[in-house]
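Chemist: attaching a predicted model along with its sequence, questions to come.
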Amino acid sequence: MKKITLTLLLLLAITLSMQAQKNFLDINYIEVTGTANKEVTPDMIYLNIVINENDIKTAINEQEKNMVEKLKGIGIDVVKDLSMEDMDSYFKSRFLKKKDVLLSRNYQLLVHDGKTVAKVFTELEKIDISNISVAKIDHSKITELRKEVRANAIKAAKEKAEYLTKAVGQTIGKAIYIEVTNENEPRPIRVNNMMYKTASLAEDAYEPDIDFKTIKIESSILVRFELK
């Protein structure tokens with residue numbers, strides 16, 4: 001009895017699916033693809049900073065203190081934006097007393113523009129901290145920007161459908177099918193290199209800056225509109 005009921009339900013589902021497909025095919029429609037993109041300047045720039053005991057003349061604890069003071073001096077909230085990445089080195093420096101243990105500490109610093117990045121490089125260079133690299137870039141509103149680009153892609157599809165149907169003396173109705181066909185997934189971009197703007201950092205009148213590649217968000221959406 002259960003097998004018969006299951007079979008009937010399956011047949012009913014198939015019938016309904018075929019009927020829905022038939023009804024869909026009976027509708028006159030126009031199919032178009034809309035595309036949109038947007039480029040934004042990153043406002044989340046992650047720096048890796050490494051202090052190595054064998055690279056400096058000052059004790060590592062003192063160097064850390066100097067680094068924090070330099071970062072505060074250029075307006076960085078070290079409590080919020082500076083974090084230690086390598087806790088092992090911290091515990092070694094606290095508890096190990098062996099002379100042959102070379103210590104290092106790894107930090108991650110979040111800054112929000114190229115000028116601040118350049119200031120970090122310049123100021124830390126003054127205290128012999130030069131092991132600094134840009135790990136990745138991101139944008140704080142990437143989710144909202146992705147939604148905006150999708151909406152613009154659908155608007156582009158509607159505009160295309162409207163002028164195409166107008167050319168043949170018809171109009172479009174409601175959208176009966178929407179599919180995202182192609183979309184890049186904006187993720188934090190890892191950076192392998194960067195370039196200072198052309199000027200000498202030694203010039204007193206020059207405020208250093210660094211240009212970063214923009215983050216590109218793209219979307220293509222297929223839409224079928226009812227044709228009237």
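Modeler: Good, I have the coordinates. Numbers count the residues shown, from 1 in each chain.
Chemist: name the residues that touch stretch 39-46?
Modeler: Here stretch 39-46 makes contact (C-beta atoms under 8 Å, 6 or more residues apart in numbering) with 108-114, 116-117, 134-140, 145, 188-189, 212, 214-217. All C-beta spots, glycine's among them, are computed from the backbone N, C-alpha and C.
Chemist: repeat the analysis, applying 7 Å as the threshold.
Modeler: 108, 110-113, 117, 134-140, 145, 212, 214-216 (C-beta atoms under 7 Å, 6 or more residues apart in numbering).
Chemist: those in helices, which ones?
Modeler: 117, 145 (DSSP state H).
Chemist: buried members of the contacts of stretch 39-46 into PyMOL, please.
Modeler: Burial among these is assessed by 16 or more other C-beta atoms under 10 Å; the matching PyMOL selection reads:
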select buried, resi 108+110+111+117+134+136+137+138+139+145+212+215
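Chemist: specify the local secondary structure of residue 33.
Modeler: strand (DSSP: H, G, I helix; E, B strand; the rest coil).
Chemist: and the closest residue to it other than its chain neighbours, how many residues sit next to it?
Modeler: Counting by C-beta to C-beta, 6 or more residues apart in numbering, residue 33 lies nearest to residue 222, which is 5.0 Å off, once chain neighbours are set aside. Under the neighbour criterion other C-beta atoms under 10 Å, residue 222 is assigned a count of 17.
Chemist: and residue 180, by the same measure?
Modeler: 12.
Chemist: if we can go back for a sec, restricted to strands, list the contacts of stretch 39-46.
Modeler: Among the contacts of stretch 39-46, the ones falling in strands (DSSP state E) are 108, 110, 111, 134, 135, 136, 137, 138, 215, 216.
Chemist: where does the first one land on pLDDT?
Modeler: Meaning residue 108. Here, the pLDDT recorded for residue 108 equals 94.
Chemist: my read: it touches residue 84, true?
Modeler: No. Using C-beta atoms under 7 Å as the test, residue 108 is too far from residue 84 to be in contact (8.1 Å).
Chemist: circling back to that earlier point, closest one to residue 161 out of the ones in strands among the contacts of stretch 39-46, please.
Modeler: Of all these, residue 161 sits closest to residue 216, with 25.8 Å by C-beta to C-beta.
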